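Here's a sequence, model it:
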Amino acid sequence: ASGIAYTAYRLFMDKQRGIFERFHTMPISRSALLWGHVLTSLVSNAISVIVIILVALVMGFRSSAGILPWLAVAGILALFTLALTWVAAIAGLSAKTVEGASAFSYPLIFLPFISSAFVPTDSMPKVVRAFAENQPVTSIVNAIRALLSGQPVGNEIWTALAWCVGILLVSYFFAMRAYKRRV
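Prediction:
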């Protein structure tokens, strides 16, 4: 979530500087600029995840998972990053100020703290537990945790994928709508 805030910032700055208008004079797809930002974000966030995994390995993290579970983890993380990047595109295109463009990510940064990422949801108060068990980060964390520990994933992976695809489709629709309003 913190990595995608930069996408919103860059989109906002491009909008302010008139980059969209300049690119629209070129013989390229209208949405090429937007896709460029999204794919750049995906690559930079993938590099960040790789660095984090390497640091974890140096610090002693070990997983009994084979190559397929690791690929599944990479796929889930890439899909979630892609979905959140389209959310960032909406913020970057719709914001009135540079602060507004990046401030949208603050609630997203707090989602892992109200999920099963740090403590089991069973230990949470009822209202917090209800929210934690029904938000995307919990299912994504549970699926990744099960994949890396060699445990059965169950329905968690399907719930995680459904969240990712749902967020992706909705945010893509609204980002393209905001983009078309701008151009």
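
Neighbours of Leu54, how many?
Leu54: 11 surrounding residues under other C-beta atoms under 10 Å. In short, each C-beta sits where N, CA and C put it, glycine included.

so after the helix or strand encompassing it, what's the next helix or strand?
Assigned by DSSP states H and E, Leu54 falls within helix 32-58. Using DSSP H and E, the helix or strand that directly follows helix 32-58 along the chain is helix 67-94.

picking up where we left off before, and the helix holding Leu54, what's buried?
Within helix 32-58, the residues that count as buried by 16 or more other C-beta atoms under 10 Å are 33-34, 37-38, 41-42, 45, 53.

Equivalent analysis for stretch 124-131, please.
124, 129.

now swap in stretch 109-125 and tell me
Buried residues in stretch 109-125 (16+ other C-beta under 10 Å): 111-112, 114-117, 121, 124.

between those, which is nearest Glu21?
For the buried residues of stretch 109-125, the closest approach to Glu21 (C-beta to C-beta) belongs to Leu111, at 35.6 Å.

Ala160 versus the closest one, what's the distance?
Taking C-beta to C-beta, to the nearest Å as the measure, Leu111 falls 13 Å from Ala160.

what do the two both touch?
When contacts are counted by C-beta atoms under 8 Å, 6 or more residues apart in numbering, the set common to Leu111 and Ala160 consists of Pro136.
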